[in-house]
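Novice: predicted model, plus sequence, below.
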Amino acid sequence: MGKAKGNLIAAFFQILGRNLVTLFVIEEDTGRLVYAFVVIVWSIAEVNRYLYYIYKESPITGFLRYNGFLILYPLGGVAETLVFNNYFSRHPDVSDLTYYGLRFINGCIIIGIVLLYIHMLKARKRYIKNQVKAEVAPA
């Protein structure tokens, strides 16, 4: 759509992963701390992302965007895994199909987080390189 340079497929799978967790794994009786943890991590990540899209010229939003993920992506992976583990602790008698299906989705989410993390490390490297060029370039 031209609104952001991001990869449409990566964005699709990120949104799909969050929706799967939200719609099928988080339940009314999900532990409050686990639920709060995942929602807070997701929210901080989204605030960083959209503030950057709105204020791309600001060094503060660039710093948050290209450094915040270093902490937020691993925390998001841990939080989402805790949600899955919380689900299984409340439903120990799920069918094998449900158990392995949800574990597969959890594994895909973890692999997706690793791939997005690698992508963001490369983007961070480009961002820092461009920042250094901008500082060195004569005005």
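Specialist: On my side now, so go ahead. Residues are numbered from 1 along each chain as shown.

Novice: what helices and strands are in contact with the longest helix anywhere in the chain?
Specialist: Selection of the longest helix in the chain by residue count, based on DSSP state H, yields helix 96-136. Packing partners of helix 96-136 (3 or more CB pairs under 8 Å, 6 or more residues apart in numbering; DSSP states H and E): helix 8-20, helix 59-90. Where C-beta positions appear, they are placed from N, C-alpha and C, glycine not excepted.

Novice: could you say which of these is packed most deeply?
Specialist: Mean neighbour count, computed with mean count of other CB atoms under 10 Å, is highest for helix 59-90 among these, reaching a mean of 17.

Novice: could I get the average pLDDT for that helix?
Specialist: Computed over helix 59-90, the mean pLDDT rounds to 91.

Novice: what does stretch 23-33 give?
Specialist: Stretch 23-33 comes out at a mean pLDDT of 77.

Novice: returning to that earlier point: include distance to I118 when you put the helices and strands packed on helix 96-136 into CSV, please.
Specialist: Formatted as CSV, the helices and strands packed on helix 96-136 follow (distance: least, CB to CB, whole Å):
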stretch, distance to I118
helix 8-20, 11
helix 59-90, 10
